[in-house]
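K.L.:
Structure here, sequence nowhere to be found:
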């Protein structure tokens, strides 16, 4: 919400008073004096007028986790351990998963309480690539790459996938970059060639790479630079 609208919605100020407060440099957002009425105010923002705190905000959290096999991408599951179970209880509150992975898929997972940020990371329209290392049962043909660039038709959803980039690393090993997150998308793309995916590992989301220092099941906070990449 715009700062001027946020302030004017409070019972203590009208629009004229808000304009005056801003002109007099009496408003601070996250500790910084601002005179810009269009300044964005979010649930994480701390807003003050003089010494009065109008919104204390809450800390935004952004975690990178190396997902192991054998846990589900969910906040709760009655049968299986979840990725949130890998975190201390004090960190789990309000977190959600930005880009789920299948039960046996490993690699980069992002957890955050910032819904606006995670939507930018995962929505196809932002075209942020998700990069996977793919192991297959049969050899990967050179002709796969052209078909992936053209897009593959998924009858169940009645859609054609957006162009994807395939880099062949070995006879049964490839790196695939996609900008969507359809149900079992990578497995279904290789399934178009009747080639079963036997191992799947996510290396990157947008400009965020899985930290090689993280063992499966380990996590760390994202850096300010990584957060700004989304």
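P.N.:
Thanks, I have it. Here the structure is a predicted model, which is why all the values come from computation and not from measurement.

K.L.:
what does the helix or strand of the chain at the bottom of the mean pLDDT ranking rub up against?
P.N.:
Least confident helix or strand, the chain: helix 89-92 with a mean of 88, by mean pLDDT, DSSP states H and E. Helix 89-92 has contacts (C-beta atoms under 8 Å, 6 or more residues apart in numbering) with 61, 63, 75, 84. No exception for glycine: its C-beta is placed from N, CA and C like everyone else's.

K.L.:
Pretty sure the last one sits in a helix.
P.N.:
Yes. With DSSP: H, G, I helix; E, B strand; the rest coil as the criterion, residue 84 is located in a helix.

K.L.:
where along the chain do the helices fall?
P.N.:
Along the chain, counting by DSSP state H, helices occupy 3-8, 15-23, 89-92, 115-122, 144-150, 185-191, 224-228.

K.L.:
which stretch among these comes nearest residue 134?
P.N.:
Minimum separation from residue 134 across those (C-beta to C-beta) falls at helix 185-191, 6.2 Å.

K.L.:
circling back to that earlier point, strands - which of the contacts of helix 89-92 land there?
P.N.:
Of the contacts of helix 89-92, the ones assigned to strands by DSSP state E are residue 63.

K.L.:
By neighbour count, which of the contacts of helix 89-92 wins?
P.N.:
For the contacts of helix 89-92, neighbours were counted using other C-beta atoms under 10 Å, and residue 84 has the most, 22 neighbours in all.

K.L.:
neighbours of the closest residue in space to that one that isn't next to it in sequence, just the number please.
P.N.:
Spatial nearest neighbour of residue 84, excluding adjacent residues (C-beta to C-beta, 6 or more residues apart in numbering): residue 92 at 5.0 Å. Residue 92 has 15 neighbours, counted by other C-beta under 10 Å.
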